[in-house]
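Peer 1: how does the following fold in three dimensions:
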Amino acid sequence: MKIRLLLIALIILVNACTETVETKNKQKETTTTTEEFTANQKTSKHINIPGTRLFIVPPKGFKVSTATTGLEKDDMVIQIFDLIGGNFYTNTNTFSKEALEKGGVKVYQYRELKVNGFSAKYAMIEGEGNLKGINLVFGDTTFSTMVMAMFPASNNEIEAELKKSLETIYYDKSHEVNSLATARFTLDENVSKFKFAKSGANIMMYTIDGIDKPSYENESIVMVSTLPIDGNMTLRSTAESLINGLKEKGLVVSEIKNKAAKTVDGVSMYQIDVHGSLKGEKIIMHMLVAVDYEKVVILQGLIKSDFKEHLKEVKKLASTLKLITNN
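Peer 2: Next up is the predicted model:
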């Protein structure tokens, strides 16, 4: 399982989680498609992916992941990002065959279609290390869900199983989601002004006093996400990949401070402070990356005001990070 494409997805979703409602509402539905990928009804074979409103008939041998939001089998993971309150049309306006290829990704297939009645985009892409990837994103103006799966390029059987499973997707907008159901970590909110506000797309969001808003474009926020482990990525390279990806989204780095590696209760961690600007506005980002044998947890504090005080509060919260293991 390669983490790089999942990091790309995380960068896109971090940007989507902090965009303004006004921006989201500017673009309405413009995509028209005729191909119907699936128009399913929920059956007894469907299971709900905890923390999401997505139901699916799993591929043969896959079970609910213990490391992240999705399904797993051996070293294969189907990662699901369900951004409730997001906007499919604005979140995917740069998701196209041309954009993927411009980014250096080989695209085997690309389609715009319907998933369970919702507008969707589908891409079969080349991964690293003789892997292929399926990237499916669908939604409307009220949500945006991304499904990513990587598998051995030579394994035609698993490719067929994955495609067959994706065709069973059922999305229930009325399903009640337990926001912390998929948390693979704990944070002690009592030590900081930042409290849990909500979750979206496998990202837990913490704000000052836990205030839940449609968007946080001009406010400080802490986001915590979980990805499956990849032995080819170090803690430092994971942090650097995220920073480089955010540069493509408008981050301008002026100074790097406080880089440090440490071990806390047997968990390896790497932290870094990034000073600069994002879309022309001053920002400080405190990032903490932690890893155990099965997952990577990434905490990003985006400081946009009261810089000294909010950075201190973010670091207080980050200092309490503990990973939950399944042993």
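Peer 1: which one is E161 nearest to, not counting chain neighbours?
Peer 2: The spatially closest residue to E161, leaving aside those adjacent along the chain, is P59, at 4.1 Å (Cβ to Cβ, 6 or more residues apart in numbering). In this view, the C-beta of every residue, glycine as well, is placed from N, C-alpha and C.
Peer 1: meant to ask about K164, not that
Peer 2: With sequence-adjacent residues excluded and distances taken as Cβ to Cβ, 6+ apart, K164 is closest to P59, at 7.1 Å.
Peer 1: who is L227 paired with across the strands?
Peer 2: Beta-bridge pairing for L227 (DSSP bridges): V296.
Peer 1: let me fix that, I meant to ask about F143.
Peer 2: I84.
Peer 1: M269 touches M287, doesn't it?
Peer 2: No - look at M269 against M287 with Cβ atoms under 8 Å: they stay out of range, at 10.6 Å.
Peer 1: circling back: need the pLDDT of the residue nearest to K164.
Peer 2: In this model, P59 is scored at 93, pLDDT.
Peer 1: give me the neighbour count for it.
Peer 2: 21 (other Cβ atoms under 10 Å).
Peer 1: list the contacts for N155?
Peer 2: By Cβ atoms under 8 Å, 6 or more residues apart in numbering, the contact list for N155 is empty.
Peer 1: sheet partners, orientation included, of whatever helix or strand I125 lives in?
Peer 2: Using DSSP states H and E, I125 sits in strand 118-126. Strand 118-126 pairs in its sheet with strand 107-115 (antiparallel), strand 131-139 (antiparallel), by DSSP bridges.
Peer 1: let's see that strand as PDB, backbone CA atoms only.
Peer 2: In PDB, the C-alpha atoms belonging to strand 118-126 read as follows (Å, rounded to 0.1, in the frame of the first residue of the first chain):
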ATOM      1  CA  PHE A 118     -25.100  11.100  -7.700                       C
ATOM      2  CA  SER A 119     -22.600  12.800 -10.100                       C
ATOM      3  CA  ALA A 120     -19.200  11.000 -10.000                       C
ATOM      4  CA  LYS A 121     -15.800  10.900 -11.500                       C
ATOM      5  CA  TYR A 122     -13.800   7.700 -11.800                       C
ATOM      6  CA  ALA A 123     -10.100   7.200 -12.600                       C
ATOM      7  CA  MET A 124      -7.900   4.100 -12.900                       C
ATOM      8  CA  ILE A 125      -4.400   5.200 -12.400                       C
ATOM      9  CA  GLU A 126      -0.800   3.900 -12.100                       C
END
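Peer 1: quick one: residues in contact with that strand.
Peer 2: So strand 118-126 is contacted by 5, 29, 31, 33, 37, 88-89, 92, 95-97, 100, 105-114, 132-140, 153, 171 (Cβ under 8 Å, 6+ apart).
Peer 1: tell me which of the strands paired with strand 118-126 sits most buried.
Peer 2: Most buried of those, by mean neighbour count (mean count of other Cβ atoms under 10 Å): strand 131-139, with a mean of 22.
Peer 1: I'm done for today, thanks for sticking with me.
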